[in-house]
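Undergrad: the sequence isn't on hand, but the structure is:
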Ligand code: UDP
């Protein structure tokens, strides 16, 4: 199958540059599709809708399928002959990864391996991968840059690190070229509110804070107030989803320009505590955040802040929206209009 022409009309084949976006119906993937479209590409969303939303697929064709379905993947590669893969599809909840690690290994590692093998078989050798700072694990008082040893604390981080290893091995053996992005905490939404963050169930801090403000849930629980930080709550480096996906477009161009495999942190270098995020949300929305304090959440690190500017210096990445106020304001705008229907 791989390498043969699919059902796409002849004139489109010459005019369009397809990028296969796994997880394109999810939070980050849908924003990536919007950015790709704006950059002149046609994103093809490949998603099993286990956590994504068909309503979020607005910027190119949708192909429903699972990462572990090799036959389906081969057919999609053959139909579109994508110039590259952007791989977002993954299970991504730390709490769930602690209680159900097998699903993380099967889906994130097994699924990614199947995808990578299908891409190589189809001759699609440029690959942008969504990894995570959770691959670093706990490093007290250490600047987290791309050379920091990776000791993930949970199956989520471990599964992402494993895929990084697979990409390196396939680079050496099959000429696969990859740009790996290790995300810090992604927040915010498309400023036009065409797409946004919507998980079910929701586990991420910013949408939970906005839900609590809006009375959609009783109160936010702060997970741990006894961490070794200024106010006792965990510190994270929040990056705006639009800035994050801009980096992916730059990473794609890096590869299609013929440059080699790279790893980049995507964070701003500034950390905010849970309490600081709550305070800023109160300021932006003009409403107090109902909250209670609770025990630490298993698998959480004290502090995760990027110590690298490689994405800026090497790729020319500029994080223009990644200040807390803009991230929360954009998330709040989306929160008021946005929801997807199953
Ligand atoms: N957090 C919290 N209450 C919640 C959800 C999250 O206190 O209901 C904290 C969590 O412990 C972490 C930070 O907020 O320190 C960011 O968590 P999130 O789940 O958004 O992202 P993660 O850091 O797990 O990628």
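TA: Happy to help now that I have it. Source: prediction; values computed, not measured.

Undergrad: touching, residue 193 and residue 338? I think so.
TA: Yes: with contact defined as C-beta atoms under 8 Å, residue 193 reaches residue 338; the gap is 5.8 Å. (Each C-beta comes from the backbone N, C-alpha and C, glycine too.)

Undergrad: which bits of this structure sit near the ligand?
TA: 94, 185, 203-205, 208, 220-223, 234, 236, 274, 297, 300 (C-beta under 6 Å from any ligand atom).

Undergrad: now those: which count as buried?
TA: With neighbours counted by 16 or more other C-beta atoms under 10 Å, the residues of the chain next to the ligand contain buried members at 94, 185, 204-205, 208, 220, 222-223, 234, 236, 274, 300.

Undergrad: which members of those residues are the farthest-apart pair?
TA: Within those, 94 and 220 form the most distant pair, 16.9 Å apart (C-beta to C-beta).

Undergrad: for the helix or strand in which residue 163 is found, what does the pLDDT average out to?
TA: In the assignment (DSSP states H and E), residue 163 maps to helix 155-174. Helix 155-174 carries an average pLDDT of 97.

Undergrad: again with stretch 130-140
TA: Rounded mean pLDDT across stretch 130-140 is 89.

Undergrad: quick one: contacts of that stretch?
TA: Around stretch 130-140, the neighbours that count as contacts under C-beta atoms under 8 Å, 6 or more residues apart in numbering are 23, 28, 86-88, 90, 92, 94, 144, 148-154, 156-158, 160-161, 163-164, 180-184, 228, 237, 263, 265, 267, 301-304, 306.

Undergrad: how about a cut-off of 6 Å?
TA: 88, 144, 148, 150-153, 156-157, 160-161, 164, 180, 182-184, 301, 304 (C-beta atoms under 6 Å, 6 or more residues apart in numbering).

Undergrad: tell me the contacts of the residue in the chain that the ligand sits nearest to?
TA: For the chain, the residue closest to the ligand is residue 234, as judged by C-beta to the nearest ligand atom, at 3.0 Å. Residues in contact with residue 234 (C-beta under 6 Å, 6+ apart) are 227, 274, 300.

Undergrad: make a markdown table from those and add pLDDT to it.
TA: Output for these, formatted as a markdown table (pLDDT from 0 to 100):
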| residue | pLDDT |
| --- | --- |
| 227 | 96 |
| 274 | 98 |
| 300 | 84 |
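
Undergrad: out of these, which comes closest to residue 176?
TA: Of all these, residue 300 has the smallest distance to residue 176: 33.1 Å, by C-beta to C-beta.

Undergrad: the closest one in helix, strand or coil?
TA: coil (DSSP: H, G, I helix; E, B strand; the rest coil).

Undergrad: now it: how far from residue 144?
TA: 15 Å (C-beta to C-beta, to the nearest Å).

Undergrad: all strands of the chain, in order?
TA: 18-22, 42-47, 62-64, 84-87, 126-132, 177-183, 185-187, 220-223, 235-236, 238-240, 262-266, 272-273, 291-294, 303-304 (DSSP state E).

Undergrad: okay, and the beta partners of residue 181?
TA: Using DSSP bridges, the bridge partners assigned to residue 181 are residue 130, residue 264.

Undergrad: let me see the contact set for residue 183.
TA: 132, 266.

Undergrad: so which helix or strand of this structure has the lowest pLDDT on average?
TA: Ranking every helix and strand in the chain by mean pLDDT, DSSP states H and E puts helix 10-15 at the bottom, with a mean of 49.

Undergrad: output the below-cut-off pLDDT ranges for the stretch 201-342 of the chain.
TA: 339-342 (pLDDT under 70).

Undergrad: please enumerate the helices of it.
TA: 205-213, 241-256, 274-285, 310-315, 324-337 (DSSP state H, counting those that start in this stretch).

Undergrad: and residue 96, what pLDDT?
TA: At residue 96, pLDDT is 89.

Undergrad: let's number from 390 now, not from 1
TA: I'll keep to 390 as the first residue from here, and by that count the last item is residue 485.

Undergrad: can you report how many residues neighbour it?
TA: 18 (other C-beta atoms under 10 Å).

Undergrad: ok, now residue 681?
TA: 10.

Undergrad: same check on the one 4 residues further on?
TA: The tally of other residues near residue 685 (other C-beta under 10 Å) stands at 13.

Undergrad: might one say that it is in contact with residue 615?
TA: No: if you go by C-beta atoms under 6 Å, residue 685 and residue 615 don't touch, sitting 7.5 Å apart.

Undergrad: how about residues contacting stretch 679-696?
TA: 483, 487, 522, 527, 532-534, 542-543, 573, 601, 608-614, 616-617, 623-626, 654, 656, 658, 660.

Undergrad: one step back: and which of the residues of the chain next to the ligand is nearest to residue 638?
TA: The closest of the residues of the chain next to the ligand, once distances to residue 638 are taken by C-beta to C-beta, is residue 574, at 20.6 Å.

Undergrad: I'd like the distance between the closest one and residue 521.
TA: For residue 574, the distance to residue 521 - C-beta to C-beta - is 10 Å.

Undergrad: ok, back up a step: what angle sits between the helix holding residue 552 and strand 566-572?
TA: When axes from the mean of the first three to the mean of the last three C-alpha atoms, to 10 degrees is applied, the directions of helix 544-563 and strand 566-572 differ by 160 degrees.

Undergrad: quick one: residue 559 from residue 510, how far?
TA: 11 Å.
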